[in-house]
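> okay, here's the prediction I keep looking at, along with the sequence it came from:
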Amino acid sequence: MVIEAEKVRDAGVGVLARFASEPMEWGRVFFPHHFRLDSPDFHYWMISYAMTERKFAVASPRQSAKSTVLVFLYPFHALMFKRKRFIVIVSNTFKKAAMHLDSIKKELVENELLKKTFQ
């Protein structure tokens, strides 16, 4: 069952509880501009592994949305649902790490659905 963004504001705690265990669904509803295409099984595997393991490595082709899932969605979800208090974003350059952090910051400032739901 896919939840529409318009229904999230009125749905209450039950929907948020569901999103707590389904980060990919949460990402599609709150950040549709980041998740325009259907996510392959690989994305679900990555995020579920990230939620249960402290360390792991992922190898996949360029442009397969690894960073979107693991550096944007996973830390954002972990912070919003209070699974983590601190997140460290490491990249091969400061510029890349700052860019990833800026994406999260921009959503916190500009995403109205996010602000109304998690006020």
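Everything's here; your move.

> now this structure, which segments are flagged as low pLDDT?
1-14 (pLDDT under 70).

> what residue is smack in the middle of it?
Closest residue to the average C-alpha location of the chain: residue 73 at 1.8 Å, with C-alpha atoms, centre = their mean.

> and the nearest residue to that one once chain neighbours are set aside, what does it touch?
In this structure, residue 73 finds its nearest non-sequential neighbour in residue 27, 4.6 Å apart by C-beta to C-beta, 6 or more residues apart in numbering. For every residue, glycine as well, the C-beta is placed using N, CA and C. Each residue near residue 27 by C-beta atoms under 8 Å, 6 or more residues apart in numbering is listed here: 34-35, 73, 77.

> out of the residues you listed, who's the most crowded?
Counting neighbours by other C-beta atoms under 10 Å, residue 73 leads the contacts of residue 27 with 27 neighbours.

> isn't that residue right up against residue 23?
Yes - with contacts counted by C-beta atoms under 8 Å, residue 73 reaches residue 23, the gap being 6.0 Å.
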